[in-house]
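In: What would the 3D arrangement of this be:
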Amino acid sequence: MIDEKRHNRIKAALQLKGSSLSAVARHLNVTPTTVSTVSRGFRRSRRIETQIAAELGCDVEDLWPERYRRIGTEVAMKVP
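Out: This is a model prediction of the structure:
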């Protein structure tokens, strides 16, 4: 699901933390476009979503509750 509002909130939150989507991309050795595509909701990537959440100091299910659910202490990706 494409969500520009969430994408903009993520970008703003990263900026407040002194980071950016480009920094996430460099850390993961992927292109900034790839990270932006995931942040916008065009594509899914547990690896990228997990890194964004880590940069923000939160859990992936906090950012993408429709994609992830907590199972005990584990977080599982929901299968569409």
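In: Restricting to C-alpha, output the lengthiest helix in the chain in CSV.
Out: Counting residues, the longest helix found in the chain (DSSP state H) is helix 4-16. Extracted in CSV, the C-alpha atoms of helix 4-16 (Å, rounded to 0.1, in the frame of the first residue of the first chain):
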residue,chain,number,x,y,z
GLU,A,4,3.2,9.1,1.2
LYS,A,5,2.2,10.5,4.7
ARG,A,6,4.1,7.6,6.4
HIS,A,7,7.0,8.1,4.1
ASN,A,8,7.2,11.8,4.9
ARG,A,9,6.9,11.0,8.7
ILE,A,10,9.7,8.5,8.4
LYS,A,11,11.9,11.0,6.5
ALA,A,12,11.2,13.7,9.1
ALA,A,13,11.8,11.3,12.1
LEU,A,14,15.1,10.2,10.5
GLN,A,15,16.2,13.8,10.1
LEU,A,16,15.4,14.5,13.7
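In: What are the buried residues along that helix?
Out: Buried residues in helix 4-16, defined by neighbour count with 16 or more other C-beta atoms under 10 Å: 7, 10, 13, 14. (Each C-beta comes from the backbone N, C-alpha and C, glycine too.)
In: what residues are up against residue 7?
Out: Contact partners of residue 7, counting by C-beta atoms under 8 Å, 6 or more residues apart in numbering, are 36, 39, 40, 41.
In: List the buried residues of the host helix or strand of residue 52.
Out: Assigned by DSSP states H and E, residue 52 belongs to helix 46-56. Neighbour counts over helix 46-56 (16+ other C-beta under 10 Å) mark 48, 49, 50, 51, 52, 53, 55, 56 as buried.
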